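Asker: sequence? don't have it. structure:
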């Protein structure tokens, strides 16, 4: 029957009907999200949420890492103590518990706003908001340590040279220490960001509709789709993390300094 | 005349009875010396005698416990001192060059004037190119430090310091990490600088060079200045047994 299908549209229809037939002949392999537009929509929504979570958390956690590492070098002991306390808290507790704690414990105390309908009351920070905050702080704690290791690899004498040229501590940090520390930190940062992208799946516990949430609901609705959903999860995460790693490696290469550290 | 009453006929750098300790270890035990504008002085002495520490105190990279150091009449270790003002006046070149490895030669030279002095980039670039030419590194403007030899890196470091247009230059064993064949190119650069009238304080092990360029030589040992004098007399008529012993070992 294949000759009936022409062009992209035809090809897509061919694929759909192939998987529809497969689901009928092999009930354990119901790739429902391929032929049922409603389920396709669910996958795409989940994927988009996962990507958004990942991108926001990666950016925020890197900012937290940079700022935290800067504060760790502060001359004030209490500033360093706060940063250290933050790292210990977020590094030594499971991210799953952090998510629950942020959403259910802290979420109670945040202000609420009245929704557009005039009478439902919503917290000012949604579950997605809490997931971004919580996961960013989680990965950020590791990033602080990663950047600190990079900063410690920058020779004190290089900083003294900068200082003796009249540069302030902040200028030295931004223009000298950070660019050099960043290069040293990239491989470790790479690992941590990979972990972060994978950890976004844990946002399922506060009902963030990311990919895992959507696929679990899907195979709860259609138990025959379970295997197909599992396959998709692996494929998506391998692809997402692959893209991240590829990007990070390219960045690492682009930042390589001729004649330095090779 | 400067705001603090300093005039160029007074010492540009004046070190008075400086004491400096690292924890229990007293490295400088009352050192005094004066440097006049345009003078070149060399500080020599065995390792650990405190010579590097002394010049690091001059631009406040190290603090001191007692005594006084003034640059153009300004007390360096005044807690209210604006370090930026000091560092505009005093340039420093280090043993390990300490170039910024992620910046090209010309970027290394331009960085501080642009960021610290807030000078227009175009003006700084003109000056930086002239300085790179002065240290004989034309064509190496866009090379990264890792692509340059030790001697070339050290000359970039000198140009980088000069770009801030300091009144005094400090050289901390700047040839100690170099191959013998590149030592000369760096020394030539410093000699030209001295001939241009730059006030230079050098810590060095190059006795021949010290004899040639210095107006005055100071010999330090165990935290004190043992003996000093103009090179002609210093090398021939050293009186102190410690100086004699040191000179006999290296000359």
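Answerer: That came through, no problem. Model, not experiment: these values are computed from the prediction.

Asker: can you tell if the strand or helix carrying residue A:147 touches chain B?
Answerer: Using DSSP states H and E, residue A:147 sits within helix A:127-152. No: shown here: helix A:127-152 not in contact with chain B (Cβ under 8 Å from any Cβ of the partner chain), separated by at least 12.9 Å. Quick note: C-beta positions are derived from backbone N, CA and C, even for glycine.

Asker: from the chain's centroid, how far away is that helix?
Answerer: Centre-to-centre, helix A:127-152 and its host chain are 10 Å apart (Cα atoms, centre = their mean, to the nearest Å).

Asker: check which helices and strands it is in contact with.
Answerer: In terms of contacts (3 or more Cβ pairs under 8 Å, 6 or more residues apart in numbering or on different chains; DSSP states H and E), helix A:127-152 is packed against helix A:37-72, helix A:77-91, helix A:95-100, helix A:178-199.

Asker: residue A:143 versus the closest residue to chain B within the stretch 1-150 of chain A, what's the distance?
Answerer: Chain B sits closest to residue A:150 of the stretch 1-150 of chain A, with a gap of 12.9 Å, by Cβ to the nearest Cβ. According to Cβ to Cβ, to the nearest Å, residue A:150 and residue A:143 sit 10 Å apart.

Asker: again with residue B:161
Answerer: Separation of residue B:161 from residue A:143 (Cβ to Cβ) stands at 35 Å.

Asker: and for residue B:230?
Answerer: Taken as Cβ to Cβ, the span from residue B:230 to residue A:143 is 59 Å.

Asker: looking at the two, which has the bigger crowd around it?
Answerer: Ranked by neighbour count (other Cβ atoms under 10 Å in any protein chain shown), residue B:230 and residue A:143 place residue A:143 first, with 29 against 12.

Asker: list the contacts of the more buried one.
Answerer: A:61, A:62, A:64, A:65, A:66, A:68, A:69, A:189, A:192 (Cβ atoms under 8 Å, 6 or more residues apart in numbering or on different chains).

Asker: measure it to residue B:97 for me?
Answerer: For residue A:143 relative to residue B:97 (Cβ to Cβ), the value is 31 Å.

Asker: okay, now the unreliable bits of the chain?
Answerer: Went with chain A since none was named. In the predicted model, chain A carries pLDDT under 70 at residues A:1-5, A:261-262.

Asker: should've been chain B
Answerer: B:1-3, B:251.

Asker: please work out the residue of it nearest to chain A and name it.
Answerer: For chain B, Cβ to the nearest Cβ, closest residue to chain A: residue B:146, 2.4 Å.

Asker: who touches whichever helix in chain B runs longest?
Answerer: Criterion DSSP state H: the longest helix present in chain B is helix B:180-195. Applying Cβ under 8 Å, 6+ apart, the contact partners of helix B:180-195 are B:40, B:134-136, B:149-152, B:154-155, B:158, B:162, B:169, B:171, B:174-175, B:178, B:200, B:202, B:206, B:209, B:212-213.

Asker: swap the cut-off to 10 Å and go again
Answerer: Helix B:180-195 has contacts (Cβ atoms under 10 Å, 6 or more residues apart in numbering or on different chains) with B:38-40, B:93, B:97, B:134-137, B:149-155, B:157-159, B:161-162, B:169, B:171, B:174-178, B:198-200, B:202, B:204, B:206, B:208-209, B:212-215.

Asker: list the buried residues of that helix.
Answerer: For helix B:180-195, a neighbour-count test (16 or more other Cβ atoms under 10 Å in any protein chain shown) marks B:182, B:183, B:185, B:186, B:187, B:189, B:190, B:193, B:194 as buried.

Asker: next: stretch A:201-209.
Answerer: Quick answer for stretch A:201-209 (16+ other Cβ under 10 Å): A:201, A:202, A:203, A:204, A:205, A:206, A:208, A:209.

Asker: for stretch B:223-238, what is the spacing between the initial and final residues?
Answerer: 19 Å (Cα to Cα, to the nearest Å).

Asker: what sits against residue A:66?
Answerer: Residues near residue A:66 by Cβ under 10 Å, 6+ apart: A:140, A:143, A:144, A:147, A:173, A:174, A:178, A:181, A:182, A:185.

Asker: could you find the closest non-adjacent residue to residue B:111?
Answerer: Excluding its sequence neighbours, the residue lying closest to residue B:111 (Cβ to Cβ, 6 or more residues apart in numbering or on different chains) is residue B:103, at 6.5 Å.
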